[in-house]
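*Asks:* what follows is a predicted structure for the sequence shown.
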Amino acid sequence: MTAAAKNLRIIFAGTPEFAAHHLQVLIDAARQYGFTIVGVYTQPDRPAGRGKKMTSSAVKKLAQNHQLQVFQPLSLKDESAQAELKRLAADIMIVVAYGLILPKAILITPTYGCLNVHGSLLPRWRGAAPIQRAILGDQAAPDGDRETGVTIMQMDTGLDTGTMLLTSACDIESSETTQSLHDKLMVLGGEALLKVILQVKTGALTAVAQDDSRATYAEKITKQEAQINWSLSARQIEKSIRAYNPFPVAYTFFGQQRIKIYRATFIHTLGVNDAVQHGVKELVAGEVIKLDDSGLTIACGEGALQITGLQLPGKKMMSVAELMNGYQDFFSIGSCFE
């Protein structure tokens, strides 16, 4: 793959904030790196918010602010959509969290094909939710991954199976949430993307095939899996709370009311002394064993969890100190989450 000193014609395809950052990086570097963004593809406007107002994607808003041509096809499998893209005569197409499947006819249209910025160190965590799954971990990493990163890959017809052009790694901190890791990978991805574009121009790219035997899959996160199972260990629950923040947000039920949990701290001991002090003799998973301004401590299958940020139905997210000030009778020692 080489483009020599040619001014590259680039199509960008993406939808959410993560993608918009990469588009901004390209916009800022276009003149210096010698390329032109000839078209921006993003998902169609969709209803959002309580009023279900039609809302443009972060990528569309940014593209329009910079007078870039925007395309919003419902599908790229349609021949007319494929012909429209072909008329842009692009050298390369950059795809970041676009949300539409690219058929082979699209993948082979740009001179140098389509490149994807993926939020993991492939072949680990191929698929839709690599950031959340890296925090959650799997049997090989039950406490969550310690490292992740971004991979720039040449797209093919498989699910994140293309050859790798560049990887950039970062540590996953013990307090990492999906939001904080998303933001780190967003910056890493923009930097890596520019390096690859420069390599395309100079013909210095090195493609490395993925080891399919090491592949793991990051299935899409569902709201149902974000429900807390208090019989699990406090360490597992704390990890899932971080993984589901900011979406879909871990939740539990208190009676008939659904409570969202945003922040919590794993406590190494069960807090038996606190339990005895408050007259709780037999602890049950999900039981409130301590309640003060520092947090709401819940007994788990193993260990205990101190909740420090939560959201009551119809209210904003609040600290437990704020909860104690305004809703001090909402929870009580010995009451249980389901």
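*Replies:* Okay, I see it.
*Asks:* so who does the residue positioned nearest the centre of the chain touch?
*Replies:* The centroid of the chain falls nearest to I131 when counting by Cα atoms, centre = their mean (4.7 Å). Contact partners of I131, counting by Cβ atoms under 8 Å, 6 or more residues apart in numbering, are G119, S120, T148, T178, L181, H182, L185. Placement of C-beta: from N, CA and C, glycine included.
*Asks:* let me know the closest of the residues you listed to G34.
*Replies:* Nearest to G34 among these is L185, at 26.4 Å by Cβ to Cβ.
*Asks:* burial of the closest residue to D212 other than its chain neighbours, as a residue count?
*Replies:* When the adjacent residues along the chain are set aside, D212 lies closest to P123, with 6.5 Å between them (Cβ to Cβ, 6 or more residues apart in numbering). By the criterion of other Cβ atoms under 10 Å, P123 has 20 neighbours.
*Asks:* could we number from 47 for the rest of this?
*Replies:* Yep, numbering from 47; the last one is P169 now.
*Asks:* residues contacting P169?
*Replies:* D206, T207, Q256, D257, D258, R260, A261, T262.
*Asks:* what of Q78?
*Replies:* So Q78 contacts nothing (Cβ under 8 Å, 6+ apart).
*Asks:* my guess is it is in a helix, correct?
*Replies:* Yes - membership of Q78 in a helix is supported by DSSP: H, G, I helix; E, B strand; the rest coil.
*Asks:* for Q178, see how far away it is.
*Replies:* 35 Å (Cβ to Cβ, to the nearest Å).
*Asks:* same check on P169?
*Replies:* Counting by Cβ to Cβ, the gap from P169 to Q178 is 18 Å.
*Asks:* where does the protein have its least confident helix or strand?
*Replies:* helix 318-323 (a mean of 46; mean pLDDT, DSSP states H and E).
*Asks:* moving C-terminal of that helix, what's the next helix or strand?
*Replies:* strand 334-338 (DSSP states H and E).
*Asks:* can I get that following strand in CSV? Just the C-alpha atoms.
*Replies:* Taking Å, rounded to 0.1, in the frame of the first residue of the first chain, the C-alpha atoms of strand 334-338 are listed here in CSV:
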residue,chain,number,x,y,z
VAL,A,334,-27.8,-3.0,54.3
ILE,A,335,-25.3,-3.4,57.1
LYS,A,336,-24.1,0.2,57.5
LEU,A,337,-25.4,3.6,56.5
ASP,A,338,-23.7,7.0,57.0
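*Asks:* so A175 makes contact with T268?
*Replies:* No - using Cβ atoms under 8 Å, A175 makes no contact with T268, being 9.7 Å away.
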